Structures are given as structure tokens and as C-alpha cells.
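>>> this one's structure only:
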RNA sequence: GUGGAUGUAGCUCAGCAGGUUAGAGCGUCGGAUUGUGGUUCCGAAGGUCGCCGGUUCGAGCCCGGUCUUCCACCCCA
């Protein structure tokens, strides 16, 4: 039997799993410092909850889970003979794997609104699934680390989330640029260019500025139905610096509001000194479909590694509106843990002792000594040392080799001679030095 | 979803007009060394050449399909 893994999924060996756990715990600690509480939601959601929330593209990338039982018998016969996949799907699959953590969170808030308090600040670190074509740093199963606050319009939270980004990446040692924009500014730009209904077309195009250049953006906008004159106007506007832009934008209601919001966020941040570069970037156009206010994105601020965005987020005026609960604003950010992991790997930012699993390994020369070894490791564990005992008094060389493979810093050897004196031979594996130590003093010696 | 590349030992890679038993380094295991690992020396194991089919007297190599991984789109973390 040949075994394999589904496309876009991975196993994690101990060395990787340890690094991932470390990464998640670092992120989680920061969330907790800022007063966020954890929640968990199921891997499976009803497709009715998920469908239509991520656009047409998103619906295609949703993993659907086949109903149990004789699902074909209950399917629409006409749809089956027509081979109409989209109609058949709704008959044979009522559940799907979650695509992100935000939509399930919105569902969660609606369902538990009477058990929650507001503003409600939660974090959630769980895997999500997308039937995307895999690439480097892009998987079908991956973790998202989300922090959101719902039930408040205060721009303090925008500032707070920026601070969380700054704190986490500083703590991990990754230099980043935190880019901030506001959807109302983008709305102001299309309004002042005379094409207020072309917001999406414009943002999709200018998001690619770095990649396809000014002419490419112009072409794309024209192709999407923006008249060339208006498109040129847009291009000029997005290349203005902040002060000039403010003059242009304050002529429109949306633009003025967006500018005011961004400036207020900046006021909150004035007193603190971020470790990473913070920028107002009016070309930032990510995830515009549901954001209504500020939007965030994290870009690497080093060219030692090439990697796309390490995180993103924004404010949505009506987080739960699609589920029937109005007036529930939210703002949140997400960390792209998989990409952050890859960046940390390439930049070698992992703590050095991360691969150390044991402080000490006990080796025994015979069965009697092995019993004494069992007692010794028990005592050492009570003393909060990570200690283990080799399972049997094997050939000594083999035991030593195991200790070496594990990378333990200390080895305690119990042979008949040592046992008689109630001692062990304690060996420092990096220097090779060894000495006889009373069994009672082992913990103290290696601490 | 579209277009393009890729796949040989656990890992990194050789291989040849298409021609018997497919190689190397590293790693693994055993021994030199029955109370001492990481160095050294000796030896061994390990492959349906991604999978299925086709062409051929003969395929790891050529052709088709399929899967995986990677790259560019799309989109995103």
C-alpha cells in the first residue's frame, strides 16, 4: 500500500511541530496581553453559512462535505441528468470546511449575542481549508490567527490592532512594514475622479501597481470599463503625497471621512513608539469586498526573503448583517502563520534551545540500576527537570548514541559501582567532562 | 480554474542513441570498541526509476493520460 497526503496538506515532524507551537504561543501571549479571549468554532459549518460570503471565487474554493447515507437518492433527478454541478451540490452536501475564521466568528456572535458582552474581544487560532492550487507558502490546509473586536466603533481599536502587529513581529524578530489605508479614502478617490461606481475595479487594479507598473494599472482600469481620462485622474491622485492628497480628498464626503479616521488612528499612536515602520498607503487595496473603514496589511521590510503579505485585516461596519444582526461593527486582523513560519525559517529566527526536549537522560548498566534510574527520573521531574530514562540496560554505546541523537546536554550513568555509593556519573555531553555525583545532588548540579 | 515546468534510495542529486544485475554523497544499521556519543576505519541494508497505459525485440529515458510538487495568472494567508 502506497501512502500519500492529500494535495496541499502536510505532516509536521517534531522539529517543525515544536517551531509551530512556539510561533503560535508567542502570538497568543500578545493577544492575551491586550485582553483578548480565546474561542473555538467547529471545523465544519453549514454550507448555507459559508456560501456567498467570499464571492463567486470563494464558493469554488470551499471544500464541501458529502452528506451521509444515500445522498444521491435525495438529489434532484433533473440536476443529476443535466450534470449541473452547482445545483447538485446543494442537494448532496449541506456542510463544508471553514474557509476562514471571520465568517464563522460572525455566525458565533449572532448565535451567542445574549451570552456575550460588548465590546467583545476574541482571538482564534485554528486551521482553515481552501481548495486553492497550492504554491510555496500557500496550502489547502493552513492556520489562521485572528484577533477581532466587535461591538465598538472606537478607532482606538484600529490603533490597538496596529500595536498588536507591531508587538508580535518585533517579538519574533521579523522586520515589517505595517501598511494602513481606509476604504473611504479609496471611495473618495473614485468619487473625485468622477467614477464613484468603479471602486472595486480601481482597487483591484492599483493593488497590482508594484507588479505591473503605472501603465499596467492604467490598462487594467480601462479594460475594466473606467474611461481613460478618469483612469488617468486616479493614477495622478494615488501618486500624490499625503498632504496633497488630503486637499483633493477633503472635497468629497467619503474622502474627508477616511482622512479624518486615519489621522485619528495616528493620534492614538503618537504617544507610543512602534518598532516597525508604519505607513499610510493609499494604494493598499486588499480584501475590499467586506471592509468599510481602515484596512491593514503586513509587508516584509527586508529583501533577504521574498514573501507575500504576512497578515491583513480591517474594519467592517456590519460584521453580522448577513446573519440578520444589525449594528454590530467589528475590526480585526489576521496573522499568516504559515508564511511567518517560512520567513522565520529562512531568517533563522528560532530560539536556539527550541530543539532541546530533555535536560537529562539516565542510562543504566543493568536491571537493578534501571530500577534506580526510574526512581531518579521521577524525582528529577518533580524538581521540574525534563528527564527521561533509556528503556532498558542495552549495550552502553547504543544508549550513548541515543542521548547524542536527542541532543541532551546531560547524561546520568548508573552502574553497579555508582549504585553502591548512591551516586551517578554525570556527563556533560558538549564538553565530555564527567564526574561522580550523589544521586540527591543531580538536580542541583545541572540547574 | 488557465498556462508552464517537475518527479530516480530516508535526503541532495548523477545516469544513457532506448540495450544485461540503476549509481554517488549524506543519512540509517552492524562491526572495530561487552562502562562512553559526536571523529576515524570496515561492512551491510535500502529502488515496482510517482502511477496507469502505449510505441518498441527491449523504456528510468520516447508518446498519451493521471497524480504530486513548484512557477506564472486568478485570488489570497
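In hand now; what should we look at? What you see is a predicted model, and the numbers here were worked out from it, not measured in a lab.

>>> just the helices in the stretch 251-400 of chain A please.
A:253-270, A:337-347, A:367-382, A:396-406 (DSSP state H, counting those that start in this stretch).

>>> again with the stretch 1-150 of chain A
According to DSSP H, counting those that start in this stretch, the helices that the stretch 1-150 of chain A contains are A:14-33, A:47-50, A:55-61, A:77-81, A:85-92, A:102-111.

>>> tell me how far residue A:181 lies from residue A:396.
65 Å (C-beta to C-beta, to the nearest Å). Just so you know, the C-beta spots here come from the backbone N, C-alpha and C atoms, and that holds for glycine as well.

>>> more neighbours, these two?
residue A:181 (26 against 14; other C-beta atoms under 10 Å).

>>> any idea what the more buried one is bridged to?
residue A:295 (DSSP bridges).

>>> can you lay out the helices of the stretch 1-150 of chain A as TSV showing mean neighbour count and mean pLDDT?
Below are the helices of the stretch 1-150 of chain A laid out as TSV (neighbours: other C-beta atoms under 10 Å; pLDDT from 0 to 100):
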stretch	mean neighbour count	mean pLDDT
helix A:14-33	15	94
helix A:47-50	18	94
helix A:55-61	13	87
helix A:77-81	12	82
helix A:85-92	14	84
helix A:102-111	21	96
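
>>> now for those helices, which one comes closest to RNA strand B?
Minimum separation from RNA strand B across the helices of the stretch 1-150 of chain A (C-beta to the nearest atom of the strand) falls at helix A:55-61, 5.1 Å.

>>> I'd like to know which elements the closest one is packed against.
For helix A:55-61, there is no helix or strand it packs on, judged by 3 or more C-beta pairs under 8 Å, 6 or more residues apart in numbering; DSSP states H and E.

>>> contact partners of that helix?
Residues from elsewhere that reach helix A:55-61, judged by C-beta atoms under 8 Å, 6 or more residues apart in numbering: A:51-52, A:54, A:99, A:130-132, A:289.

>>> just how off-centre is it within its chain?
Distance, stretch centre to chain centre, for helix A:55-61: 21 Å (C-alpha atoms, centre = their mean, to the nearest Å).

>>> got the residues of the stretch 101-250 of chain A near RNA strand B?
Proximity of the stretch 101-250 of chain A to RNA strand B (C-beta under 7 Å from any atom of the strand) is limited to residues A:130, A:132-140, A:142, A:144, A:204, A:208, A:211.

>>> mind checking which of the residues you listed are buried?
A:130, A:137, A:139-140, A:142, A:144 (16 or more other C-beta atoms under 10 Å).

>>> any low-confidence regions in chain A?
Under the criterion pLDDT under 70, the flagged ranges of chain A are A:1, A:287-289.

>>> was I right about residue A:88 contacting residue A:77?
No - Residue A:88 lies out of contact with residue A:77 (C-beta atoms under 8 Å); the separation is 10.3 Å.

>>> Provide the secondary structure category for residue A:163.
helix (DSSP: H, G, I helix; E, B strand; the rest coil).

>>> spell out which residues of the stretch 301-447 of chain A are next to RNA strand B.
A:308-312, A:334, A:336, A:338-339, A:365, A:395-398, A:400-401, A:403-405, A:413, A:415-418, A:425, A:427, A:429-430, A:432, A:434.

>>> now the buried members of those residues.
A:309-312, A:334, A:336, A:338-339, A:365, A:400, A:403, A:413, A:415, A:418, A:425, A:427, A:429, A:434.

>>> got the contact list for whatever residue of the stretch 251-400 of chain A ends up closest to RNA strand B?
Nearest residue of the stretch 251-400 of chain A to RNA strand B: residue A:336, at 2.6 Å (C-beta to the nearest atom of the strand). Listed by C-beta under 8 Å, 6+ apart, the contact set of residue A:336 reads A:144, A:298, A:309-312.

>>> name whatever forms a beta bridge with it.
Where residue A:336 sits in a bridge, its partners, by DSSP bridges, are residue A:144.

>>> domains in chain A, as residue ranges please.
Listed by automatic domain parsing, the domain ranges of chain A are A:14-41+A:98-347, A:44-97, A:356-446.

>>> can you list those domains in a markdown table and add distance to residue A:6?
Conversion of those to a markdown table gives the following (distance: least, C-beta to C-beta, whole Å):
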| stretch | distance to residue A:6 |
| --- | --- |
| domain A:14-41+A:98-347 | 7 |
| domain A:44-97 | 10 |
| domain A:356-446 | 29 |
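
>>> so of those, which one's packed in deepest?
Among those, domain A:14-41+A:98-347 has the highest mean neighbour count (mean count of other C-beta atoms under 10 Å), at a mean of 18.

>>> can you give me the end-to-end span of that domain?
20 Å (C-alpha to C-alpha, to the nearest Å).

>>> what's the answer for stretch A:321-341, then?
Per C-alpha to C-alpha, the first residue of stretch A:321-341 is 34 Å away from its last.
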